[in-house]
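fold the following, please.
(chains A, B and C)
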Amino acid sequence: MPELPEVEVVVRKLRPRIIGRTIRNVSIRRLRVIAPTSEEDLIRTLKGTRFASLERRGKYLVFTLQRGKASITLLGHLGMSGDMYVVPQAEAEPKHAAVVLLLGNQKFIYEDTRYFGRFTLDTKPLEYLGPEPINTGFRLKEFREALRRSSQSIKVKLLDQCLVAGLGNIYASEALFRSGISPRLPARKLTDAQIKRLWQMIPKVLKHAIRFGTTRGDGYIGRLTVYDRKGKPCRVCKRPISRIVQGGRSTYFCSKCQR
DNA sequence: CACCATGTTCCTTG
DNA sequence: CCAAGGAACATGGT
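Prediction:
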């Protein structure tokens, strides 16, 4: 999926194109993405409302809609392969359109090849999210205490959205590389210095990705330091990058630079 | 055909 | 009860 940086880029582009616009019609092309909301409920709730705001929370898109004075929250998530954008009403729809909203002469498209994402009225997932790693709320003390309480490997722990919201498989590897920490190290074994370094690097890695892009835009994966570079020379020491599996997912790292 | 993929949730196991 | 591990979800790329 798009991780925090990719979601942030989608939100920034989407925001000016939808704010103030009214939803004239709602078309659900794949029921799974609106669960647990029902099709009837979603259509009835959204039709005739106006987009008032759009914010990002972790990897979620939080839409606020208004109908008169009443306010409605709609939660979006891009799963592994989702995207949301606005196109002219006449434009052909993508093969894997999941939800289409008619906005007068334009339409909002949520497309998702694998349909792992969400477009729903159920906002429960937001309650379990940890702090935002950029802008506000990411405190060193809380981060340190949470790591102390876990025996999971630090790489797997970083994917826990309760710890910090928005890191995914790519940026977890990237942040650990830049912090010089082995992904296999149990979270509770990190030294205070390592924790501080990781706490500092997480926002840096994410902000850098928002600014320069990595996995989106033209489908091109830009300058990632370690992710997907198995066997290629470490950009720092030239030794080949390793790939291991943790929690069923790939981790890339440099066994020399990361202890 | 085999294996891999930016995520989350549910079920099983210990 | 809790933590950890693995499968499932669905489609496509190599």
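
quick one: low-confidence residue ranges for the stretch 51-200 of chain A.
Nowhere does the stretch 51-200 of chain A drop to pLDDT under 70.

what parts of it come near DNA strand C?
A:80, A:95-96, A:113-116, A:150-152, A:156 (C-beta under 7 Å from any atom of the strand). Bear in mind the C-beta positions are built from the backbone N, C-alpha and C, glycine included.

could you dump those to JSON lines with secondary structure and neighbour count?
As requested, these are exported to JSON lines (DSSP: H, G, I helix; E, B strand; the rest coil; neighbours: other C-beta atoms under 10 Å):
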{"residue": "A:Met80", "secondary structure": "coil", "neighbour count": "14"}
{"residue": "A:Lys95", "secondary structure": "coil", "neighbour count": "7"}
{"residue": "A:His96", "secondary structure": "coil", "neighbour count": "16"}
{"residue": "A:Thr113", "secondary structure": "coil", "neighbour count": "15"}
{"residue": "A:Arg114", "secondary structure": "coil", "neighbour count": "11"}
{"residue": "A:Tyr115", "secondary structure": "coil", "neighbour count": "18"}
{"residue": "A:Phe116", "secondary structure": "coil", "neighbour count": "15"}
{"residue": "A:Ser150", "secondary structure": "coil", "neighbour count": "15"}
{"residue": "A:Ser151", "secondary structure": "coil", "neighbour count": "9"}
{"residue": "A:Gln152", "secondary structure": "coil", "neighbour count": "17"}
{"residue": "A:Val156", "secondary structure": "helix", "neighbour count": "19"}
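
those: which ones sit near DNA strand B?
Okay, of these touching DNA strand B (C-beta under 7 Å from any atom of the strand), that's A:80, A:114, A:116.

one step back: farthest-separated two in the residues of the stretch 51-200 of chain A next to DNA strand C?
Using C-beta to C-beta, those span at most 43.9 Å, a distance reached by A:Lys95 and A:Ser151.

and A:Arg17, that's in a helix?
Yes - A:Arg17: assigned to a helix according to DSSP: H, G, I helix; E, B strand; the rest coil.

can you report how many residues lie near the nearest residue to A:Gly117 once chain neighbours are set aside?
Distances taken as C-beta to C-beta, 6 or more residues apart in numbering place A:Gly79 nearest to A:Gly117, at 3.3 Å, with adjacent residues excluded. Neighbourhood size, A:Gly79 [other C-beta atoms under 10 Å]: 17.

so how far is A:Ala70 from A:Gly79?
As for A:Gly79, its distance to A:Ala70 is 29 Å (criterion: C-beta to C-beta, to the nearest Å).

go on, A:Ile134?
Where A:Ala70 is concerned, A:Ile134 sits at a distance of 31 Å (C-beta to C-beta).

same question, A:Leu31
25 Å.

apart from its chain neighbours, what residue comes closest to the residue in the stretch 151-259 of chain A that DNA strand B sits nearest to?
Going by C-beta to the nearest atom of the strand, DNA strand B is nearest to A:Gly168 of the stretch 151-259 of chain A, at 2.0 Å. Spatially, and ignoring its direct neighbours in sequence, A:Gly168 is nearest to A:Glu3 (3.5 Å; C-beta to C-beta, 6+ apart).
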